[in-house]
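Novice: Sequence and computational prediction follow.
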Amino acid sequence: MLQQKARSFQPHLVNLESLVPENNFYRQVEAKLDLSFVRELVQNHYSFRMGRPSIDPVVFFKLQLIMFFEGIRSERQLMDMVAMRLDHRWYLGYDLDESVPNHSSLSKIRDRYGLEVFQKFFERIVELCIEAGLVWGKELYFDGTKIRANASIESVTHRWYWQAKEHIEDLFPESEPIEQAAIESRFVEKYDGTRLSGRRAKTYKRTADLKVSPTDPDASPMSRFNGDRAKLGYHTHYVVDGGKARIILAALTTPASIMDNTPMLDLARWVRFRWRIKPEIAVGDAKYGTITNISELEQDGIRAYTPITDLRQRTKYYPTENFDYDTDQDQYICPQGEVLPLWSRRKTEQVYVYRADYRICNACPVKKACTGSKSGRHIFRPFTQPMLDRVRGYHQTEAYKKAMRKRQAWVEPLFGEGKQWHQMRRFRLRRLRKVNIEGLLRAAGQNIKRLLKQISNKLQPDPPPPLALFAYFLPTSI
C-alpha cells in the first residue's frame, strides 16, 4: 500500500551529546587535539577587565579547522553549516538552542590577531608533530606552486595611479594602522616583490611593475602553460620534512613574480634553527639549482641535491666543456693545445677570467668555430667552481637519484591534496599578509591530518598474532 509521510514534529527532550555518534570525526579530533594553547597565543589581544565577552579563541580556531576539513570557501557558508550540523555544534561547544557566532566576527578577529598569531599557531602544530616523532630532520624538500588570487586580471590599472591614491590616503589616515607582525613574519615583508636585491625601485620593465590590481595590489600576473590568459596570483613555498609523515616545516606565500629559488636559503636556515634539526641534504628541482643557493647550502654543511641551473647563453662557438682546466697551473687548454692563462678577477660578478693571446687566436685555423672576438677567446670560471664540481659529482650517486625520485612523491602530492580537497586553487582572502594567514592555516591543517593519523595508530590495539603463531604452541600429538 502506498504511504505518504506526514510532516509532524513533536517536542522531545534530547541531549546534543547523545545525538553525535561515538565514531564521529569531530569527536576524534576533540579527543586527540587539544587547542587550549591558542588562548596563550592571543592573550595580548584582549583586555581582562574591560569590554564585552569575546568569542573563545579556541572556538575561532576550531572554526578554521572546520573550514579546512569541509573545504568551505566562505565564512558565511561556514556559519550556516555550523548552525545546522550537530557534530559541528558539539565540537564547538554550542548547544542546540544556542546562537552561533556571526560570520562578520570571524573577519574582525582574524584582522585583530594579525599574521603573527597564525604563524605561532602553525609553529605549535609543528611542535606537536615533533613531539609525536613525525619529524625526521635529515632531509628537506623544497617546492612551490602558483595559486590564483581573488582578483581578476581585468581589474589591473596603472601602478602610478595606485601609488598616488595610496599616498593621498597616507596623508589623511582614517584610523591608526594595524600593528605589524613580529620577527616570525619578516619573510613576508622581505619577499613582497619590492625589496629584492639588484632591483631598482623606480625602474618599471615587467607587467608586474607597470600594472597593479586595486582589488589585490599584492597579486602579480602569472603565466599559464596551457594556453590560457595570464592570471593574477601568488606563489606558495613549502619546506617538507623527509620523514614518512611528510610534515610541512615552513610555509611562505609571495607574489607570483617571486621565483621558487629566491626564498630558499632563508627558509632552509629558518627551519634549521627554529626546529633545531641538522639536515644533511636539501632537495629541489632545477629551479633551485642556482650558484648562490648551492654555494650557501654547501657552506652551511648541507648537501645540495639539485640540478645545477646553466644560465649561460648557448652560442655557435665551442662550449667551455671543450677546454681542459689545468689545476696545477690554473689555466685552460684549448682544443688546439694553446694556453688560456688567468687574466683578471671580477669580484662583482664573482668570476675568474681566462683569456688567450689574441695574436694566436687570430692565426688559429678554427677561430670561426671558437670565438668572434678580435681580442681572443675568453672563459669565465666562477669563484665557486670547485664547489659546483663537487655538487655535480653528487648527480652520479645512487643517493641523489633516490632523492630526486622521492621529491616527486613528497611535496607535489601535498599541493595536489590541497588543490583537490582544501580550496588551494584560489585564495579567498586578499593582500599579501592575509593570503599568508590562509596559507599557514592550510599547511597547519595538512599537518594536523597526519598528526591525527599517527595518534589513531598509537591508540589502536595491537593486532592479534597470526594463526601460525598459535600453531607453534599447539602440541604436535594428543
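Specialist: On my side now, so go ahead. Residues are numbered from 1 along each chain as shown.
Novice: buried sites along stretch 383-396?
Specialist: Within stretch 383-396, the residues scored as buried using 16 or more other C-beta atoms under 10 Å are Thr384, Met387, Leu388, Val391, Tyr394. Placement of C-beta: from N, CA and C, glycine included.
Novice: For that stretch, which outside residues touch it?
Specialist: 291, 294-295, 298, 303-308, 350-352, 382, 400 (C-beta atoms under 8 Å, 6 or more residues apart in numbering).
Novice: Check the residues you listed and tell me the two furthest apart.
Specialist: Tyr352 and Tyr400 (27.5 Å; C-beta to C-beta).
Novice: Please flag which of the contacts of stretch 383-396 sit within helices.
Specialist: Ile291, Ile294, Ser295, Glu298, Tyr400 (DSSP state H).
Novice: Phi and psi next, for the closest residue to the last one other than its chain neighbours.
Specialist: This points to Tyr400. Setting aside the residues directly before and after it, Tyr400 is nearest to Tyr394 in space (C-beta to C-beta, 6 or more residues apart in numbering), at 4.6 Å. With angles defined as degrees, to the nearest 10, Tyr394 sits at phi -60, psi -30.
Novice: Please apply the same query to Leu441.
Specialist: Here is the backbone geometry of Leu441 (degrees, to the nearest 10): phi -60, psi -40.
Novice: So what's the predicted local confidence for it?
Specialist: pLDDT recorded at Leu441 is 97.
Novice: ok, now which ones touch it?
Specialist: Gln64, Phe68, Phe118, Phe121, Phe122.
Novice: Next: Trp90.
Specialist: Leu16, Glu17, Leu19, Val20, Asn24, Tyr26, Arg27.
Novice: Buried subset of those residues as a PyMOL selection?
Specialist: Buried residues within those, by 16+ other C-beta under 10 Å, are selected in PyMOL with:
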select buried, resi 16+20+26
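Novice: Phe68: what's its closest spatial neighbour, skipping adjacent residues?
Specialist: By the measure of C-beta to C-beta, 6+ apart, the closest residue to Phe68 outside its immediate chain neighbours is Gly445, 3.7 Å from it.
Novice: ok, and for the helix or strand encompassing that neighbour, which residues are buried?
Specialist: If you go by DSSP states H and E, Gly445 is part of helix 432-459. By 16+ other C-beta under 10 Å, the buried positions in helix 432-459 come out as 432-452, 454-455.
Novice: distance between that helix and the chain's centre?
Specialist: Its chain's C-alpha centre and that of helix 432-459 lie 13 Å apart, by C-alpha atoms, centre = their mean, to the nearest Å.
Novice: Run a quick check on the residue nearest to Phe68 versus Phe69, I expect a contact.
Specialist: Yes: using C-beta atoms under 8 Å, Gly445 makes contact with Phe69 at a distance of 7.2 Å.
Novice: Show me the strands in the chain, by range?
Specialist: Using DSSP state E, the strands assigned to the chain run over residues 139-148, 157-158, 211-212, 220-222, 231-241, 248-255, 281-283, 303-305, 324-326, 331-333, 339-346, 351-355, 378-382.
Novice: can you redo those strands as CSV with mean neighbour count, mean pLDDT and distance to Lys316?
Specialist: Shown next, in CSV, are the strands of the chain (neighbours: other C-beta atoms under 10 Å; pLDDT from 0 to 100; distance: least, C-beta to C-beta, whole Å):
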stretch, mean neighbour count, mean pLDDT, distance to Lys316
strand 139-148, 23, 96, 35
strand 157-158, 12, 74, 42
strand 211-212, 21, 78, 38
strand 220-222, 22, 87, 34
strand 231-241, 25, 95, 36
strand 248-255, 25, 96, 38
strand 281-283, 24, 97, 35
strand 303-305, 25, 96, 32
strand 324-326, 13, 92, 21
strand 331-333, 17, 94, 20
strand 339-346, 14, 93, 19
strand 351-355, 18, 92, 20
strand 378-382, 16, 90, 16
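Novice: Between these, which one is closest to Leu86.
Specialist: strand 248-255 (31.8 Å).
Novice: one step back: any chance of CSV for the ones in helices among the contacts of stretch 383-396, columns pLDDT, neighbour count and distance to Gly243?
Specialist: Formatted as CSV, the ones in helices among the contacts of stretch 383-396 follow (pLDDT from 0 to 100; neighbours: other C-beta atoms under 10 Å; distance: C-beta to C-beta, whole Å):
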residue, pLDDT, neighbour count, distance to Gly243
Ile291, 87, 18, 30
Ile294, 93, 23, 24
Ser295, 91, 18, 27
Glu298, 93, 17, 23
Tyr400, 96, 19, 19
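Novice: where does the stretch 1-150 of the chain have low pLDDT?
Specialist: Applying pLDDT under 70 to the stretch 1-150 of the chain picks out residues 1.
Novice: Repeat that for the stretch 151-300 of the chain.
Specialist: Within the stretch 151-300 of the chain, the segments meeting pLDDT under 70 span 160-162, 166, 173-185, 192-209, 224-228.
Novice: Helices of that one, start to end?
Specialist: With DSSP state H, counting those that start in this stretch as the criterion, the stretch 151-300 of the chain has helices at 159-171, 186-190, 207-210, 264-274, 291-299.
Novice: Of all those helices, which one is nearest Trp136?
Specialist: helix 264-274 (12.5 Å).
Novice: Determine how far that closest one lies from the middle of the whole chain.
Specialist: 12 Å.
Novice: same for it, what does it pack against?
Specialist: strand 139-148, helix 186-190, strand 231-241, strand 248-255, helix 291-299 (3 or more C-beta pairs under 8 Å, 6 or more residues apart in numbering; DSSP states H and E).
Novice: what's stretch 48-65 in contact with?
Specialist: Outside stretch 48-65, the residues touching it (C-beta under 8 Å, 6+ apart) are 29, 35-36, 38-39, 41-42, 46, 78, 82, 91-93, 101, 105-106, 109, 121, 441, 445, 448.
Novice: Mind checking which of those residues land in helices?
Specialist: Of the contacts of stretch 48-65, the ones assigned to helices by DSSP H are 29, 38-39, 41-42, 78, 82, 91-92, 105-106, 109, 121, 441, 445, 448.
Novice: Nearest to Ala256 among the residues you listed?
Specialist: Leu441 (20.2 Å).
Novice: Check the gap between the closest one and Gly289 for me.
Specialist: Counting by C-beta to C-beta, to the nearest Å, the separation of Leu441 from Gly289 is 31 Å.
Novice: Over to Tyr26?
Specialist: Distance, Tyr26 to Gly289, by C-beta to C-beta: 44 Å.
Novice: One more: Arg346?
Specialist: 22 Å.
Novice: got the helices and strands packed on helix 264-274 as a markdown table, with distance to Asp328 columns?
Specialist: Listed next are these as a markdown table, based on distance: least, C-beta to C-beta, whole Å:
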| stretch | distance to Asp328 |
| --- | --- |
| strand 139-148 | 38 |
| helix 186-190 | 44 |
| strand 231-241 | 42 |
| strand 248-255 | 44 |
| helix 291-299 | 24 |
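Novice: Compare these and give me the one nearest Thr157.
Specialist: Nearest to Thr157, of the helices and strands packed on helix 264-274 and by C-beta to C-beta, is strand 231-241 at 12.5 Å.
Novice: what's the closest residue to Pro21 other than its chain neighbours in contact with, if anything?
Specialist: With sequence-adjacent residues excluded and distances taken as C-beta to C-beta, 6+ apart, Pro21 is closest to Arg27, at 7.6 Å. If a contact means C-beta under 8 Å, 6+ apart, then Arg27 has Val20, Pro21, Asp87, Trp90, Tyr91 as its contacts.
Novice: State the pair within those that is farthest apart.
Specialist: Across those, the longest distance by C-beta to C-beta is 12.8 Å; it joins Pro21 and Tyr91.
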